[in-house]
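Trainee: Here's my sequence, what's the structure:
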Amino acid sequence: MFQLRTPKSGRSSARSLATWYRSGGLSSVIFAVPLVLTFLYFSWGPIVRGLVLSFQKNNLVAPPEWVGMANFSYVLTDPQLPQAALNTLYFCLLALIFGFPVPLFLAVFISELRKTGWLYNVISYLPAVVPPVAAILLWKFFYDPSGVGVFNSILGWFGLGPFAWLNSQSLAMPAIVLEATWAGAGATSIIYLAALTGVRTELYEAAELDGAGIWKRVWHVTLPQIRGIILIMMLLQLIGTFQVFTEPFLFTGGGPNNATTTILLLIYRYAFINGDFGAATALSVLLAGVLCVLSVVYHLLTRRWSTT
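Mentor: Numbering: from 1, shown residues only. This is a model prediction of the structure:
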């Protein structure tokens, strides 16, 4: 008589499953499932809900009404959108030109100090400890347009001013960038300092033996060694500046004459002033799509630089 033989692959699969079960694999899955479901609910749930909301007319009071692409058509034809987009790009440009090098310079400066570096490290990080709202209210006092304002008083010693600062269409955005740079430079410089600890000291010693000064050491040793971190921080700053909201909202409310109205401030107006949460979510989805495309393009453009 013929005996039915179990294939070797079947026996090995059963043996592997039994081994997995005895080693606690099932209990690990049971333990992990609630955590994964909780993560999906609170992380991806709002994203899915937002995508659905962008196709609805919804004020969170009346029953939602499905409107398809009408919300996207509305926000794309809104005459305020081009101005808000240009203001956001202007803020991003100023932050990259003036704000991006500051924390890198701070990190290099602090790393060159041997004895008092920790003190400058603490001082540079202090702005990150101050609550953003309190810091902005303090800077609004500094930007007082009258002659007794802090900045106008200092400039008055040199025969300059007074300047309108936040009340001026040309100065409002640079003033906001200045405060944002002050608030964020300390935390970013800590990241650069951590990256600088990975630079081999032999490279600096070799550069010093070749007669290189501090600026040549920074240019030929420091920056090439941490260029990967620099490129990542630049991408994060690009994403962050496209989502600027707190500073223009508290400093100027978007004024004067919409000179500081950003995309996120326009989203706020759609949702909490006009009560049109569908349009607000549609513009948010568009912004998220732009940032995703920007991130992919940036990665493709800088991939060779970050690995060579």
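Trainee: what number of residues lie near Pro34?
Mentor: 9 (other Cβ atoms under 10 Å). From N, CA and C alone the C-beta is placed, and that goes for glycine too.
Trainee: hmm, I was thinking of Gly68
Mentor: 9.
Trainee: dump the residue contacts of the closest residue to it other than its chain neighbours.
Mentor: Closest residue to Gly68 apart from its sequence neighbours, by Cβ to Cβ, 6 or more residues apart in numbering: Phe55 at 5.9 Å. By Cβ atoms under 8 Å, 6 or more residues apart in numbering, the contact set of Phe55 is Trp66, Val67, Gly68, Met69, Asn71, Gly278, Ala282.
Trainee: Where does the third one sit: helix, strand or coil?
Mentor: I take that to be Gly68. coil (DSSP: H, G, I helix; E, B strand; the rest coil).
Trainee: What of the fifth one?
Mentor: With three-state DSSP as the basis, the three-state label of Asn71 is helix.
Trainee: What distance do you get for it to Leu294?
Mentor: 22 Å (Cβ to Cβ, to the nearest Å).
Trainee: Of these two, which one has the most company?
Mentor: The neighbour comparison of Asn71 against Leu294 (other Cβ under 10 Å) goes to Asn71, with 26 against 14.
Trainee: right, and that one touches Thr281 too?
Mentor: Yes: contact between Asn71 and Thr281 holds when scored by Cβ atoms under 8 Å: they sit 7.4 Å apart.
Trainee: between these two, what contacts are shared?
Mentor: Ser54.
Trainee: Do a quick rundown of the strands in this protein.
Mentor: 56-57, 65-66 (DSSP state E).
Trainee: Let me know which of the ones you listed is tucked in deepest.
Mentor: Of all the strands of the chain, strand 56-57 has the most neighbours on average by mean count of other Cβ atoms under 10 Å, namely a mean of 18.
Trainee: Report all helices and strands that it contacts.
Mentor: strand 65-66, helix 70-76 (3 or more Cβ pairs under 8 Å, 6 or more residues apart in numbering; DSSP states H and E).
Trainee: Val293: neighbour count?
Mentor: Other residues close to Val293 by other Cβ under 10 Å number 10.
Trainee: Equivalent analysis for Gly289, please.
Mentor: 10.
Trainee: Can you give me the distance of it to Ala70?
Mentor: Taken as Cβ to Cβ, the span from Gly289 to Ala70 is 18 Å.
Trainee: Can you give me the separation between Tyr34 and Leu40?
Mentor: Actually, residue 34 is Pro rather than Tyr. 11 Å.
Trainee: Run through the residues that contact the spatially closest residue to Ala95 that is not a sequence neighbour.
Mentor: Distance criterion Cβ to Cβ, 6+ apart; nearest residue to Ala95, sequence neighbours excluded, is Thr241 at 4.7 Å. Counting by Cβ under 8 Å, 6+ apart, Thr241 touches Thr88, Phe91, Cys92, Ala95, Leu96.
Trainee: So which of those belong to helices?
Mentor: Thr88, Phe91, Cys92 (DSSP state H).
Trainee: Quick check: nearest residue in space to the last one, chain neighbours excluded?
Mentor: So the one you mean is Cys92. Nearest to Cys92 is Thr241, by Cβ to Cβ, 6+ apart, at 4.1 Å.
Trainee: Let me know the pLDDT of the one you found.
Mentor: Note on Thr241: pLDDT of 93.
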